[in-house]
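Asks: Below are the sequence and a predicted model; questions follow.
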Protein chains: 2
Amino acid sequence: MKFCSNCASPVVKRVPPGDSLARWVCDACGEIHYQNPKVVVGTVPEWEGRLLLCRRAIEPRYGYWTLPAGFMENDETVADAARRETEEEAGAHIELVEPFAMLSVPQVNQVHVFYRARLLDLEFKPGEESLEVALFDEARIPWKEIAFRTVGLTLKHWFADLSRGAFAFHAEDVWRPR
Amino acid sequence: MKFCSNCASPVVKRVPPGDSLARWVCDACGEIHYQNPKVVVGTVPEWEGRLLLCRRAIEPRYGYWTLPAGFMENDETVADAARRETEEEAGAHIELVEPFAMLSVPQVNQVHVFYRARLLDLEFKPGEESLEVALFDEARIPWKEIAFRTVGLTLKHWFADLSRGAFAFHAEDVWRPR
């Protein structure tokens, strides 16, 4: 059972008039409680052709490697979120370059956005959600220990673009493997 | 007063342990009710150098012109949302080309994403949320009657890119005018 956050009455899931999808509707106060995808924002921080990865100190995927990223918060821009997450998870000082990838993950109702970034120095250190933070060249990326498919795809696009000498913006849909 | 959607107890706004921002927290069941930005997705539908705009039949900005766009829903990709909104608001048959713009609007906790699109035919017609739908070349765009700043900026980028003969991806932050 779910309740209305405005009036604490029970809510029911049904299609409101003029809508086409079922929503949590409160018949007591009339509120429709929409649920929408969340935006996860991160960076691909570079230092001389090597990329900065964080080893996760939290579930899901504890111990696996990821790019610094996390949920975008209210009152910030996408770029703000990218800088904040990189500072929080990797203690890294960066300059954003450009948006690099946008990946829809419909099974978990998320959109992942990654910016290219330049490390300004080598003073990075793991934040509370990271076990360690390290730079990897393409050959040393721990490809079998990457936490999320969106991160693996973003890393592959980055090194492919580096090889051909031009960075593009990559939009992709990530469905659960069958 | 706000209530927990899980257990109907009153919630309080405070910073949870290990967090840095105030959240709606339920002390009865322990649930933290995060609030995050929403994604608005639309298209810039083109037919021979002219763009398709919709005149809004709903508030906010009733009677003003906009690109077809709306809130991304759970269980869909960004591209799905772009196609769905274009069909719903303009009855238009399109083919998506590429992501074109991503605009953060932090004051309303939204991220607006627009795809370039090609109209496949001229069979468009206003949906329930539109008064009329029409094609405009650059000189005839109703610049003073555009519903939202993100739409105006996206239209300007589109015609500028058309003039220079190359379309780029545009990321931008839109703050309320002072």
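Replies: In hand now; what should we look at?
Asks: What parts of chain A come near chain B?
Replies: A:2-8, A:11, A:18, A:21, A:24, A:33-39, A:71-80, A:98-99, A:102, A:104, A:106, A:109, A:111, A:113, A:128, A:169, A:171, A:173 (Cβ under 8 Å from any Cβ of the partner chain). Just so you know, the C-beta spots here come from the backbone N, C-alpha and C atoms, and that holds for glycine as well.
Asks: so where's the longest helix in chain A?
Replies: helix A:149-164 (DSSP state H).
Asks: Can you mark which positions in that one are buried?
Replies: Using 16 or more other Cβ atoms under 10 Å in any protein chain shown as the test for burial, helix A:149-164 gives A:149-155, A:157-158.
Asks: would you turn these into JSON lines with pLDDT?
Replies: Formatted as JSON lines, those follow (pLDDT from 0 to 100):
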{"residue": "A:149", "pLDDT": "97"}
{"residue": "A:150", "pLDDT": "98"}
{"residue": "A:151", "pLDDT": "98"}
{"residue": "A:152", "pLDDT": "98"}
{"residue": "A:153", "pLDDT": "98"}
{"residue": "A:154", "pLDDT": "98"}
{"residue": "A:155", "pLDDT": "98"}
{"residue": "A:157", "pLDDT": "98"}
{"residue": "A:158", "pLDDT": "98"}
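Asks: From chain B, how far out is residue A:48?
Replies: Plainly put, residue A:48 is 25 Å away from chain B if you go by Cβ to the nearest Cβ, to the nearest Å.
Asks: any idea how far residue A:42 is from that residue?
Replies: Using Cβ to Cβ, to the nearest Å, residue A:48 is found at 20 Å from residue A:42.
Asks: and the longest helix of chain A, what does it pack onto?
Replies: In this structure, helix A:149-164 makes packing contacts with strand A:38-47, strand A:94-105, strand A:110-119, strand A:170-173, judged by 3 or more Cβ pairs under 8 Å, 6 or more residues apart in numbering or on different chains; DSSP states H and E.
Asks: Tell me what angle the second one forms with strand B:110-119.
Replies: The directions of strand A:94-105 and strand B:110-119 differ by 60 degrees, with axes from the mean of the first three to the mean of the last three Cα atoms, to 10 degrees as the criterion.
Asks: Would you mind getting the angle between strand A:94-105 and helix A:149-164?
Replies: Using the same axes, to 10 degrees: strand A:94-105 against helix A:149-164 is 120 degrees.
Asks: Distance from strand A:94-105 to the middle of the chain?
Replies: 9 Å (Cα atoms, centre = their mean, to the nearest Å).
Asks: tilt between it and strand A:38-47?
Replies: Using the same axes, to 10 degrees: strand A:94-105 against strand A:38-47 is 140 degrees.
Asks: Wasn't residue A:85 part of a strand?
Replies: No - read with DSSP: H, G, I helix; E, B strand; the rest coil, residue A:85 is helix and lies in no strand.
Asks: Report the contact partners of it.
Replies: Each residue near residue A:85 by Cβ atoms under 8 Å, 6 or more residues apart in numbering or on different chains is listed here: A:41-43, A:68-70.
Asks: go on, residue A:56?
Replies: Applying Cβ under 8 Å, 6+ apart to residue A:56 gives the contacts A:62-66, A:129-131, A:147.
Asks: do you know how far it is from chain B?
Replies: From residue A:56 to chain B the distance is 15 Å (Cβ to the nearest Cβ).
Asks: Phi and psi next, for residue A:132.
Replies: Backbone torsions of residue A:132, given as degrees, to the nearest 10, read phi -160, psi 160.
Asks: And for residue A:101, the neighbour number?
Replies: 24 (other Cβ atoms under 10 Å in any protein chain shown).
Asks: what does residue A:49 give?
Replies: By other Cβ under 10 Å, 10 other residues sit near residue A:49.
Asks: re the thing from before, need the helices and strands packed on helix A:149-164 in TSV with distance to residue B:29 and mean pLDDT, can you?
Replies: Listed next are the helices and strands packed on helix A:149-164 as TSV, based on distance: least, Cβ to Cβ, whole Å; pLDDT from 0 to 100:
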stretch	distance to residue B:29	mean pLDDT
strand A:38-47	21	98
strand A:94-105	28	98
strand A:110-119	24	98
strand A:170-173	35	97
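Asks: can you list these in JSON lines and add distance to residue A:88?
Replies: Shown next, in JSON lines, are those (distance: least, Cβ to Cβ, whole Å):
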{"stretch": "strand A:38-47", "distance to residue A:88": "11"}
{"stretch": "strand A:94-105", "distance to residue A:88": "12"}
{"stretch": "strand A:110-119", "distance to residue A:88": "14"}
{"stretch": "strand A:170-173", "distance to residue A:88": "25"}
